[in-house]
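Below: sequence and its predicted model.
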Amino acid sequence: MALITSVNDPYKLEDLTGELLIIPNTYGLVQELGVFQSSGVIGSSFYIDERELYTGLLVDLPRGTKPAAGREDKHRRRHFEIPHYPMMQSIRPSDIARVSSTADGMADALSVKRAEKMMFIRRTLANTLEAARCQMLRDGTLYAPNGNVVLNVYSDFGVVRKEIDFAFGTTTTETLHKGEEAIAHSQDNLKNGGVYQGLIAICSPTFFSRLTTHQSVRSAYTLYQSTQEPFRQRLGGSNAMHRRFEYGGVTYIEYRTSAASPLIPDGECRFIPTGTDFFKTYYGSADTFAAVNQVGQEAYYFEKMADTDDEWTIIAETNFANICLNPALMIRGYSSN
């Protein structure tokens, strides 16, 4: 549970979980797509029980023959740590004394400045989660810039990432077949009877542009016009936040982010199946006594007035780990020319 200052005693903390969470989020595309399923765990780590079912077939034997022992299912438990992401903001009397953020001539109150700080904190936490999820999709690694927790699902699960070269620089490349290759690979690697709703490709602007203007796509749309015709309708128009292009059973989605730190590498895309339960976000408990042995929440918020009555401190934290339990389903799309 999160904590706030007691109404009856400004130096006493009380439990509160919901207040920070009612501030509007500014999640990005990955959150909107619902790729990751979220759940809370107790503590700062979690376990994954991996079970590989044996799907062999029986063979006929002469009657009276002792049957051979069948291969049993494989079981393995994997242990993962959850990184800790704290942040702090503070308000001093000078921050609100004779200061107006609305230019209405009224000095800011502490409540106004608190709301401003809380919105900044909430936005930062949400942006961190989005970037961390993109890093798992992009590299198969856990977001922990300081290296306190290290995880690479490809090496840990013993999987070699599938990569598809679209070769946009070659006019004879059939991009439709590239999408079909991604679909086939996803279907073959669902394993254990898994299903999915569809296949999406989260694209950098460069990849998306080269795909939709490639000769093979132009040829496909030469003889007819549809509601998503890429050269007349511009795939949602110039005001579309994330333009989409459905082609050959794959939904290609443009993800425009900061050019200085793109969430999807320039000139690349990531194919991801939707509607599976292989992509997880696990939230750990807060680093407080009140949260000991409690199921982790998405975010925590703490605040208190200093005993000297000269500083209001706002502390927030989120503790999460994003993981793909089947790394073979994350496919890299790129172009070598």
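Cool, the structure landed.

What's the biggest strand in the chain, counting residues?
Longest strand in the chain by number of residues (criterion: DSSP state E): strand 312-324.

Give me the residue ranges of the stretch 201-337 of the chain where confidence is low.
223-240, 259-260 (pLDDT under 70).

all helices for the stretch 51-200 of the chain, in order.
93-96, 110-139, 153-157, 175-188 (DSSP state H, counting those that start in this stretch).

now the ones you listed in JSON lines, with mean pLDDT and distance to residue 332?
To be clear about C-beta, it is placed using only N, CA and C from the backbone, and glycine gets the same treatment. As requested, the helices of the stretch 51-200 of the chain are arranged in JSON lines below (pLDDT from 0 to 100; distance: least, Cβ to Cβ, whole Å):
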{"stretch": "helix 93-96", "mean pLDDT": "86", "distance to residue 332": "47"}
{"stretch": "helix 110-139", "mean pLDDT": "91", "distance to residue 332": "9"}
{"stretch": "helix 153-157", "mean pLDDT": "93", "distance to residue 332": "11"}
{"stretch": "helix 175-188", "mean pLDDT": "95", "distance to residue 332": "10"}
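
TSV please, covering these and showing distance to residue 34 and mean neighbour count.
Below are the helices of the stretch 51-200 of the chain laid out as TSV (distance: least, Cβ to Cβ, whole Å; neighbours: other Cβ atoms under 10 Å):
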stretch	distance to residue 34	mean neighbour count
helix 93-96	39	14
helix 110-139	11	18
helix 153-157	20	16
helix 175-188	17	17
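
Would you format those as CSV with distance to residue 66 included?
Converted to CSV, the helices of the stretch 51-200 of the chain look like this (distance: least, Cβ to Cβ, whole Å):
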stretch, distance to residue 66
helix 93-96, 83
helix 110-139, 49
helix 153-157, 37
helix 175-188, 35
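
wait, which of those is closest to residue 309?
helix 93-96 (8.7 Å; Cβ to Cβ).

Which elements pack onto the closest one?
The contact analysis (3 or more Cβ pairs under 8 Å, 6 or more residues apart in numbering; DSSP states H and E) places helix 93-96 against helix 110-139.

which helices and strands sit right next to the helix it packs on?
So helix 110-139, by 3+ Cβ pairs under 8 Å, 6+ apart, packs with helix 18-21, helix 29-33, strand 84-91, helix 93-96, strand 269-274, strand 279-283, strand 300-305, strand 312-324.

Okay, buried residues for the helix or strand following the longest strand of the chain please.
Next helix or strand after strand 312-324 toward the C-terminus (DSSP states H and E): strand 331-334. Neighbour counts over strand 331-334 (16 or more other Cβ atoms under 10 Å) mark 331, 332, 333, 334 as buried.

Tell me who's in contact with the closest residue to residue 319 other than its chain neighbours.
Spatial nearest neighbour of residue 319, chain neighbours left out: residue 284 (3.8 Å); criterion: Cβ to Cβ, 6 or more residues apart in numbering. By Cβ atoms under 8 Å, 6 or more residues apart in numbering, the contact set of residue 284 is 40, 41, 43, 44, 45, 46, 82, 84, 296, 319, 320, 321.

Mind checking which of those are buried?
40, 41, 43, 44, 46, 82, 84, 296, 319, 320, 321.

In these, find the pair that's most separated.
So, the buried ones among the contacts of residue 284 by Cβ to Cβ: farthest apart are 40 and 84, at 14.8 Å.

Thank you, goodbye.
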